[in-house]
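Q: predicted model follows, preceded by the sequence.
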Amino acid sequence: MPAFGASVTQTHRRTKSNGAVSDHIDPHDAAFRKYSLNNLVTMDTTNLSTLSANGDAIIEKRKHKVCIATCNRADYSKLGPIMIAIEKDPDMILQTIVLGCHLIDDYGSTYRLIEQDGLNIDSRLHTIVRGEDEAAMVESIGLAMVKLPDVLLRLQPDILVVHGDRFDALSLAATAALMNIRILHIEGGEVSGTIDDSIRHAITKLSHYHICCTERAHSRLLAMCEDNERIMLAGCTSYDMLLTAKVRDCDDLIHKWVGPEAEKQDYIIALQHPVTTNIKHSITMFGLMLDALLTFDKKVVILFPNIDAGSKEMTRIMRLKGIEHHPNFRPAKHIPFEEFIILVANAGCMIGNSSAGVREAGAFGTPVVNLGSRQTGRETGENVLHCREADTTQKILHSLEIQYQKQFPPSYIYGDGHAIPRIIKFIKNIDVDKEIQKGFVFPPMPESISKDIDHILETQSALAVDMGGTQLRVAIVSNEGEIKHLESRSTPDNNESRLRTLMEMLVDASQKAIGLSCRILGVGISTGGRVNPREGIVMHATKAIEGWNNIDLRTPISSKLHLPVWVDNDGNCAALGEKKFGFGKNSANFITIATGTGIGGGYIQDGKLLHGTNFCAAELGHTKVSMDGPECLCGGRGCLESYSSGGALQREAKALMKEGELVVNGMKIGAKEEITAKHLIQSAKLGNTKAQAVLNIGARALATATISLLHILNPSMIVLSGHFAPIYHEEVSKTINREALDSAKGVEIKVSELKEPALLGAASLVLEYATRRTY
């Protein structure tokens, strides 16, 4: 995650009366200055005064008059939170100018959103010349520049805030610069690959202060010779709402916009705008997208394009194809931002070329198909699949098939949810009495970004974690499955210590990766219990890891290491490890049964891991193999785990020991040595028939459960993994051949050859999903 909050000047220095210099820790405290009573007559009325004990007047720093100009629904979603915060701040005065599409009925008359938020509009300017072509855009800029000077002369703002890369914003910035008004530009330094880049960078050169969202944007501003002391890396303001929004309990909202029978992840959001540098191609691509969506036959919420040149033709195509009346499509001129983000969070996919696909959608891990060149230069999370040419319906349709309802972790490239307070503090620190002349800083040339031989020879690798009841292990695993480094520690007995120890081990491994020439792509975590892999949260733990419930592993680790993090159940990880590195490489349908302290498993169906509705698919350890039987740790009886797990074998070994029937000739057990399953196995190998009988019961119970799986799911292969797989294999195979249906007898039963299935499975979470191809 970027270092959000990187500031202008971190501390101001001031001189004491004796000439010494002291640090003024908070640069945003109001500066107090003394004036005589006679001087008060000439002060601006926005200054407040009080009298000190000796009769002198103490003048507080005058209130900043901050004018924010908003042009359309998209920029108000970013500027609105800033406007509300300024309105509430006693040290600032908010002024609002509304222009552009806000005032056009065809685009939803979205100025009403501002009024609904309780904000006063100081000026409404009708600046759009209709025509939706290149000439109309130029004429709109000219019309705005004719009208704006009168408004700015009346308002006399100290600072004008403009956003983004729209042509309306360019007219605002040019007018304010020529009128010697300080300009604060939001979201400068970004790259999208169209004419928008030229407009955005032109606004940057006209602006005096900058708020940027990513480290790359910050670097580009520096490369454009902007003063680092006037740049704040704050993050995107919309993320303040995105990361706190309640996006799950939303059925009514989905029914409102998608349809009464719509469900989460069962619809697509389509939002495509014209590309003004190649209007003809973008119109063709829009038609191809509509054809692909019609063929894909899913519910679609489609928003009308913005007012750029070409939008009229795109709207005409929608009508020619009958989109407005098609039962699968719900066209919308405008969706309130707080409702739009909920729709995005729960969509099965988003398609088009809107920046919302690469920014807002990333916060939820929503799959995105980005069409064409409009967002080519944007930084994206792994949830975005680029279809750059998008020149055939089949190519777009195939992209939808790849992405639809796929699961991705959230990305925080554009923000951490704390942009607004940083921006407010930054604005309050601007000295509005200082000379306004803008200066440029010419930094040293950046280092070459070309790869050297060391970078080429780096091995793509993952940090893999195996969180067990007794041992916590962290490894560096290469893309070929080689364990380059492994550290193991005892698992602490409380959650705080577990997280602290895990973080220490991950940081140590990250440092070691440098020396091993390993490029870490992400962190994969295998843990016991029920896991929500979409959120990276351990929901319920096994008793082996007491108290390991409702633990968010993704957020703190991702924030600390600046890497994507995947989390899944240990049984699922064992299956994924087999799929990438083991017998499952060439099999689309197989089941892995993990035998260890407990019994777990994973089911690969059509090449994909099956999680189930509540993330508890393939809880094989709690498959019933008896109407009655030993009590299981889950509280039930007759579970497979109560017969075949390491815990069950340990229980039986202790019972034999208590009866004096465990130790045979050739065995030696220390007085204080804990009895475990390994003693039972050792005793059976030395000829103890009672110990062997216990193992046979465990094997037959496993075979019984396996036969049920064969009859219900019909996989092509069963892979036994874990400590007891070799011991159970022969008896399981015999029982299946004896008792299963003929159709199931030919299924291969294999013993995994992976030495570290949990670690390799955790690594495969990363190595399978951390890189995305450009389609």
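A: Structure received.

Q: residues contacting Arg554?
A: Applying CB atoms under 8 Å, 6 or more residues apart in numbering, we find Arg554 in contact with Pro409, Pro410, Glu535, Gly536, Ile537, Val565, Trp566, Val567. Where you see a C-beta, it was placed from the backbone N, CA and C, and this is true even at glycine.

Q: what's near enough to touch the last one?
A: If I follow you right, that is Val567. Gly524, Ile525, Thr527, Val531, Pro533, Gly536, Ile537, Val538, Leu553, Arg554, Leu765.

Q: please, which helix or strand holds the residue of the chain most remote from its centre?
A: Distance from the C-alpha centroid of the chain peaks at Asn665, with 59.5 Å (CA atoms, centre = their mean). If you go by DSSP states H and E, Asn665 is not part of any helix or strand.

Q: next: Leu710.
A: Using DSSP H and E, Leu710 falls in helix 689-713.

Q: kindly report the same for His386.
A: With DSSP H and E as criterion, His386 is part of strand 384-387.

Q: which non-adjacent residue is nearest the residue farthest from the centre of the chain?
A: Leu686 (6.9 Å; CB to CB, 6 or more residues apart in numbering).

Q: now do Asn346
A: Lys264 is the one closest to Asn346 (CB to CB, 6+ apart), at 4.4 Å.

Q: please apply the same query to His485.
A: Ile476 (4.2 Å).

Q: picking up where we left off before, hang on, the residue nearest to Asn346 packs against Ile254?
A: Yes - with contact defined as CB atoms under 8 Å, Lys264 reaches Ile254; the gap is 6.7 Å.

Q: so which of these two has more stuff around it?
A: Ile254 (23 against 16; other CB atoms under 10 Å).

Q: tell me the contacts of that one?
A: Applying CB under 8 Å, 6+ apart, the residues contacting Ile254 are Ala262, Glu263, Lys264, Tyr267, Leu343, Asn346.

Q: now do the same for Val477: helix, strand or coil?
A: Three-state call for Val477 (DSSP: H, G, I helix; E, B strand; the rest coil): strand.

Q: burial of it, as a residue count?
A: 29.

Q: the stretch 301-450 of the chain: strands as residue ranges?
A: 329-332, 349-352, 368-371, 384-387 (DSSP state E, counting those that start in this stretch).

Q: pLDDT weak spots in this protein?
A: Applying pLDDT under 70 to the chain flags the ranges 1-61, 193, 442-457, 544, 770-775.

Q: tell me the helices in the stretch 301-450 of the chain, going along the chain?
A: 311-320, 337-345, 355-358, 393-403, 419-428 (DSSP state H, counting those that start in this stretch).

Q: report the buried residues of stretch 223-233.
A: Judged by neighbour count using 16 or more other CB atoms under 10 Å, the buried positions of stretch 223-233 are Met224, Glu226, Asp227, Arg230, Ile231, Met232, Leu233.

Q: quick check: the third one vs Gly164, distance?
A: Pointing back at Asp227 there. Distance of Asp227 to Gly164, given as CB to CB, to the nearest Å: 21 Å.

Q: again, but for the last one
A: If you measure Leu233 against Gly164 using CB to CB, the figure is 17 Å.

Q: need the residues that contact stretch 687-704.
A: 593, 595, 599, 625-626, 640, 643-644, 648-649, 652-653, 656, 661-662, 664, 680-681, 683-684, 724, 727-728, 730-732, 734-736, 739.

Q: one step back: the residue nearest to Asn665 contacts Lys668, doesn't it?
A: No - counting by CB under 8 Å, Leu686 does not reach Lys668; the two are 11.3 Å apart.

Q: the two - which one has more neighbours?
A: Comparing Leu686 with Lys668 by other CB under 10 Å, the one with more neighbours is Leu686, at 14 against 7.

Q: got the contact list for the more buried one?
A: Val664, Asn665, Gly666, Met667.

Q: which one (most neighbours) among these?
A: Val664 (16 neighbours).

Q: what about Gly607, neighbour count?
A: Neighbour tally, Gly607, other CB under 10 Å: 10.

Q: over to it: give its phi and psi.
A: phi 80, psi 0 (degrees, to the nearest 10).

Q: contacts only, for it.
A: Contacts of Gly607 (CB under 8 Å, 6+ apart): Lys579, Ala588.

Q: isn't there a helix covering Gly600?
A: No - counting by three-state DSSP, Gly600 is not found in a helix; it is strand.

Q: how close does it sit to Thr623?
A: Distance from Gly600 to Thr623, by CB to CB: 11 Å.

Q: kindly report the same for Gln437.
A: 76 Å.

Q: who's more crowded, those two?
A: For Gln437 and Thr623, the more surrounded residue by other CB under 10 Å is Thr623, and the numbers stand at 21 against 7.

Q: need the strands for the stretch 101-250 of the chain, in chain order.
A: 123-125, 159-163, 182-186, 209-212, 231-233.

Q: thanks a lot, see you next time.
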